[in-house]
Structure formats: structure tokens, C-alpha cells
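*Asks:* heads up, no residue letters with this:
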């Protein structure tokens, strides 16, 4: 019995020698053993180093706390058969890989890296190519997704997934990622107390960032460029939206920022440039919109009559076709201390504030909201005349919608 045990031990030692199993460190080389086998023999809290090369694997389940590191970016290729990495344990770090070619399914949300009901994980410095869903978090807490690159090949919304997808999560940090070519760059649904910092979400079909039923979250310092819509925040409360760039989100129904049924938030320090509509708001209440730059947009702001108790102050409106439009003859919001480049009033006491209030809603913008085809008359002399007439004696535009402290000079934000 003793001899049989010694023989078995020696066999196992030589079989797994390629991993160089010493002091909690396993080294994996291509063509010797699979990443799946390395995970199977590893002990909790071991480190697995995977050498450069291509590993044709999918459905790799990480079911114990491990640090899995790619050296010189090894490739894990799912060959379009299924999903690739499934993290099913707390305290996993997965870093330094190229994940590619996830399978497609109409019934399953297959992902390049999926985290399912786990806490305290870190996913960083990976590149994901053609992964359907990129990084998918389901009922996850206290986790970091940082410095990853996701390159999708989405052609339409029906057969595409999201770059970073969160569902029922809490205390997640999404930082420094670059996402393109997906349905939504980043998707939040029922996500609480989380932060989205310094990401670039570009060229996604639907939204660069999409919130649904998520509260007490911040997105700060991000760039949303050339998406269907830059950001959509829907049915969410207490969202901080600060120091972001919304650029070139341009199309017949595209927005820089779409706000729908959102309450008690802050929108400050952002740049909205070259969007069809920079901000579209419906059912948006108690939001402070301050210290933003609206530059060369079609419509800087489209604020529906369902929006109440919002403060729009200390913003710059520069070279927009229309600064503001609304669908209501009543105003329930506060506008003050903004710079409007179309303002033609005077400042006799030289305090930097115009002595005549500014009415930012032009009659023609009100007409276009009712009859979109009338846009062909935009530069006509007739339209200039009716705009002037409405400015002198408002009839159709909201009489109470005015900035009674318009700034004479553009505001500087350094």
C-alpha cells in the first residue's frame, strides 16, 4: 500500500511539473496544460501566471479565490462556441489577458468575463474583442473593473450585447476603460452606490452609458463620443454627472444626454459639443445644471413641461442653433446667470450682468417641436421677423421662461 501511494505521488509530481508549483505560484505555458486544469489544482489564494500564447478554451470557471495574471497578454479564444471566463468565487483578480470570440445566443447573455454573485474581485488591464457581452456583473458587490479595452463588432441592437453590463450590483468602481462597438458601452440596472470614472465610450449603437432604476451613483470625467445617444439616465435618483464630455452624438433622434424620470441629481462641469440635442429632459425634477459648456449643438436643451424645480445657472451657450426649446407654455424651472451668445442686451452699470432679461426660447424652435418639417425655413428672413416679434411680445413661448441675470461675458472654468 505504501509503495502504491509513493508511485501515485511521483506520477502526479511529474505530470504537473510544467506548472512549476512552488509556494503558491503556478506557471502555465501553451501546449502543456490548460488554464482550466491550472485552476483545478490550484489552492485558494494561489497565483496563476499564464505565459504568452493562444489558449483555445471556453467555459473556464474560477471557483476559488485566485490571482490569475497574463504575462505579455496571452490570448484566450472561445472560438465562438460559448462564454469564456466565469468567476464564481469572491476575491478573484483577473488581469493581463486578451479575451476573444465569445459565442452568440438569443437566450443566454454570454460574456468574455462574467462575475456571478461574488464580492471583492478585480478585473483589470484586459482586452476583449468580439465578446458579445464584454464584462458582465450579476449581483456583485465591492468590485473593480479598471483599464480594460472592449472592442465589439455590433451591427444592430438585436444581436449585440453591452461592453460593461451590471445587474443588481453595489459599490462597483468602473474606471479607465475604453469601450466601443457594442449596443451600450456601459449598462447599469438596479445598481447602487457605484462610480464610473474616466472611461471612454465611443461608437456604440444605442447608448454610451445607460442607467435604469439605479440610485446614488456618480459618473465623472468620462468621454461619450459618436454613440447613438451619449448617456441615458432613466428612472434613477441622486445621480452625480460631473466633468464629462458629450461629443458628436449626432443623428435624427440622438442626444448627448437623455434624462427621463430622474430626481435630485447634479449636472456640472460638463462639455456638450456637436450633439443633435445636448440635453433632452422629460419628467426631470430637482436637478442642478450648472457650470456646463454647450457648444455647437443643434438644440442645447429640450426641457419638457413635465420638468420641475430644476436650476439652470452659470452655463455657457455658444454657437448652438437653438439654445432652448420646450413643449409647454409654462415654466417651472429657474434660469439665471448664464452666458448666452445670442443675448443683445446692455449693461449700463457694468456689473457684468445684462440689464434686460433674456428669453432663450425662440418662436421658431417652438414651431419645429410641433412641425419638424419646418426646419427647412431655418435661415429665412421671415423666421427672423417672427422671432423678433415673439421676443417683443411673447404669445406662444413661455412668458415666465427667462434668464433675468444674463452674463455679458463667457464664463471661465479653469
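*Replies:* Ah, there it is. The shown structure was predicted, so the numbers you read here are calculated from the model rather than taken from an experiment.
*Asks:* so, low pLDDT: which residues of the chain?
*Replies:* Residue ranges of the chain with pLDDT under 70: 1-23, 363-398, 414.
*Asks:* name the element the residue nearest to the spatial centre of it belongs to?
*Replies:* Residue closest to the mean C-alpha point of the chain, counted by C-alpha atoms, centre = their mean, is residue 209 at 2.7 Å. Using DSSP states H and E, residue 209 maps to strand 207-212.
*Asks:* distance between that strand and the chain's centre?
*Replies:* 6 Å (C-alpha atoms, centre = their mean, to the nearest Å).
*Asks:* which neighbouring elements make contact with the helix or strand following it?
*Replies:* On the C-terminal side of strand 207-212, the nearest following helix or strand under DSSP H and E is strand 218-220. On a contact count with 3 or more C-beta pairs under 8 Å, 6 or more residues apart in numbering; DSSP states H and E, strand 218-220 meets strand 195-197, strand 240-242. All C-beta atoms are positioned from the backbone trio N, CA, C, and that covers glycine.
*Asks:* want to try TSV for those, with distance to residue 261 as columns?
*Replies:* Shown next, in TSV, are those (distance: least, C-beta to C-beta, whole Å):
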stretch	distance to residue 261
strand 195-197	20
strand 240-242	15
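*Asks:* so which of the ones you listed comes closest to residue 295?
*Replies:* strand 240-242 (17.4 Å; C-beta to C-beta).
*Asks:* elements contacting that closest one?
*Replies:* strand 218-220, strand 255-268.
*Asks:* so which residues make contact with that strand?
*Replies:* 217-221, 231, 233, 257, 265-270 (C-beta atoms under 8 Å, 6 or more residues apart in numbering).
*Asks:* returning to what we had before: to residue 110, which of the helices and strands packed on strand 218-220 lies closest?
*Replies:* Of the helices and strands packed on strand 218-220, the one closest to residue 110 (C-beta to C-beta) turns out to be strand 195-197, at 23.6 Å.
*Asks:* identify each buried residue in that closest one, please.
*Replies:* Going by neighbour count (16 or more other C-beta atoms under 10 Å), the buried part of strand 195-197 is 196, 197.
*Asks:* mind listing the strands the following helix or strand past that strand pairs with, and their directions?
*Replies:* Next helix or strand after strand 195-197 toward the C-terminus (DSSP H and E): strand 200-202. Neighbouring strands of strand 200-202 in its sheet, by DSSP bridges, are strand 178-180 (parallel), strand 223-225 (parallel).
*Asks:* ok, which of those comes nearest residue 80?
*Replies:* When these are compared by C-beta to C-beta, strand 178-180 sits nearest residue 80, at 19.9 Å.
*Asks:* what's the spacing between that closest one and its chain's center?
*Replies:* Per C-alpha atoms, centre = their mean, the centroid offset for strand 178-180 relative to its chain is 10 Å.
*Asks:* contact partners of it?
*Replies:* 134, 148-152, 163-164, 185-186, 199-204, 208.
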